[in-house]
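Trainee: Fold the following, please.
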Amino acid sequence: MSSQRDGWPENVGIVAIEVYFPAQYVDQKELEKFDGASTGKYTIGLGQEKMGFCSDNEDVNSLCLTVVQRLMERNGISYSDIGRLEVGTETILDKSKSVKTVLMQLFESCGNTNIEGIDTTNACYGGTSALFNAVNWIESSYWDGRKALVVAGDIAVYASGNARCTGGAGAIAMLIGDDAPLVFERGCRATHMQHVYDFYKPNMDSEYPVVDGKLSIQCYLHALDKCYDIISHKLESAEIKTGSSLLDCADAFVFHSPFCKLVQKSVARIMFNDFLQDPHPEQRQIFTGLDAFRELNLEDTYFNKQVETAFMTVSRTEFIKKTEPSLLLAKQIGNMYTPSVYGGLVSFLIR
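Mentor: Numbers count the residues shown, from 1 in each chain. Below you'll find the model as predicted:
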């Protein structure tokens with residue numbers, strides 16, 4: 001039975017979640033040696049320990065098929081109970097045939113072909129967009145009471161070079177419905193979308209992306225700044241955020257993880273935003289000695305080492321408590337692209 005009040009299904013969110021990643025991995029210490037990189041470049045500098053990769057008998061379709069089957073079987077869910085199937089991926093095997101259509105094989109035995117949804121391709125944001133689409137469907141007039149299934153899966157591989165060590169592979173499946181134990185706060189989400197050539201795949205004959213690493217980090221932090229501003233206002237309107245600090249208003253912060261050190265820097269970035277937004281930073285002991293950064297422009301600080309070091313230091317306690325537990329899978333598997341942030345969620349939940 002579905003729960004509704006005033007026309008809205010109640011407590012829409014994640015009912016169940018499953019993760020799958022390949023068994024093969026490369027130790028990052030060994031990769032440092034193989035690449036001739038300095039000791040600690042990948043392990044200390046990037047915060048990575050291992051990097052998962054697929055053998056020749058796995059692809060994005062098999063990753064997604066496996067994670068969906070495990071989710072359904074382990075939670076005793078009938079395939080006939082699914083009304084929407086959304087896939088987020090940027091790993092393309094066919095320029096027309098979607099991963100969603102491949103997954104429909106799992107529904108054949110119960111005869112359920114009345115399932116909405118498609119693949120969403122938008123770099124790493126595709127998994128989140130698929131999740132939002134599923135939530136929107138359940139909260140719409142088209143919802144028929146069935147559950148939605150969101151699948152995010154990718155194989156991240158790079159050509160030889162600086163980005164090679166930031167690969168990985170995996171898939172996440174999430175069952176979305178009402179009366180969920182992990183609920184999405186209605187109206188409290190923020191999006192920043194911008195056209196930039198920091199990461200793209202123009203060559204259809206190659207699975208390797210073209211990457212501008214420095215620009216990509218700048219885009220990541222810029223998007224974080226923009227979303228900080230938007231979500232702060234929304235949380236204030238919902239009376240969830242009552243002070244000047246975003247870090248203080250939540251028990252956990254989970255990030256997309258191209259590499260783990262960038263996640264730690266992101267917590268520091270939120271602390272920096274909190275500092276700039278605080279009308280009376282001198283009243284918080286944690287900000288003692290940081291007055292020199294008060295007049296800085298956010299846009300000019302993406303690669304300011306003094307700012308980075310200072311706020312990584314003052315935010316360390318918050319990082320250890322609220323974010324570091326979410327990096328378990330990211331450290332061991334690497335960047336999974338679309339499932340990355342949800343691998344962080346799984347990691348935090350099982351900590």
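Trainee: Strands of the chain, start to end?
Mentor: 4-5, 8-9, 13-20, 24-27, 50-53, 82-88, 119-120, 147-156, 168-177, 182-183, 199-200, 210-211 (DSSP state E).
Trainee: got those strands as CSV, with mean neighbour count and mean pLDDT columns?
Mentor: C-beta here means a position set from N, CA and C on the backbone, and glycine is covered the same way. What follows is those, written out as CSV (neighbours: other C-beta atoms under 10 Å; pLDDT from 0 to 100):
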stretch, mean neighbour count, mean pLDDT
strand 4-5, 10, 52
strand 8-9, 16, 86
strand 13-20, 20, 98
strand 24-27, 15, 97
strand 50-53, 21, 97
strand 82-88, 26, 98
strand 119-120, 22, 96
strand 147-156, 28, 98
strand 168-177, 28, 98
strand 182-183, 14, 96
strand 199-200, 15, 94
strand 210-211, 16, 93
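Trainee: and of the ones you listed, who's closest to E236?
Mentor: With C-beta to C-beta as the measure, strand 182-183 is the member of the strands of the chain nearest E236 (19.7 Å).
Trainee: partners of the closest one in the sheet?
Mentor: Strand 182-183 has its sheet partners listed here by DSSP bridges as strand 13-20 (antiparallel).
Trainee: Could I get the strands of the chain in JSON lines, plus columns for distance to S232?
Mentor: Below are these laid out as JSON lines (distance: least, C-beta to C-beta, whole Å):
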{"stretch": "strand 4-5", "distance to S232": "28"}
{"stretch": "strand 8-9", "distance to S232": "25"}
{"stretch": "strand 13-20", "distance to S232": "22"}
{"stretch": "strand 24-27", "distance to S232": "39"}
{"stretch": "strand 50-53", "distance to S232": "35"}
{"stretch": "strand 82-88", "distance to S232": "26"}
{"stretch": "strand 119-120", "distance to S232": "27"}
{"stretch": "strand 147-156", "distance to S232": "27"}
{"stretch": "strand 168-177", "distance to S232": "26"}
{"stretch": "strand 182-183", "distance to S232": "20"}
{"stretch": "strand 199-200", "distance to S232": "27"}
{"stretch": "strand 210-211", "distance to S232": "31"}
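Trainee: how about the helices in the stretch 51-200 of the chain?
Mentor: All helices of the stretch 51-200 of the chain, identified by DSSP state H, counting those that start in this stretch, fall at 60-74, 99-103, 126-138.
Trainee: of the ones you listed, which approaches T323 most closely?
Mentor: helix 126-138 (17.6 Å).
Trainee: so what does that closest one touch, helix or strand wise?
Mentor: strand 82-88, strand 119-120, strand 147-156, strand 168-177, helix 340-349 (3 or more C-beta pairs under 8 Å, 6 or more residues apart in numbering; DSSP states H and E).
Trainee: can you tell me which of these comes nearest to I240?
Mentor: Nearest of those (C-beta to C-beta): helix 340-349, 18.7 Å.
Trainee: Can I get the closest one as CSV, trimmed to CA atoms?
Mentor: Extracted C-alpha coordinates of helix 340-349, given in CSV (Å, rounded to 0.1, in the frame of the first residue of the first chain):
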residue,chain,number,x,y,z
SER,A,340,30.7,7.4,-7.3
VAL,A,341,28.7,9.6,-5.0
TYR,A,342,26.4,6.7,-4.2
GLY,A,343,29.3,4.5,-3.4
GLY,A,344,30.2,7.2,-0.9
LEU,A,345,26.7,6.9,0.5
VAL,A,346,27.0,3.1,0.9
SER,A,347,30.4,3.5,2.5
PHE,A,348,29.0,6.0,5.1
LEU,A,349,26.0,3.8,5.9
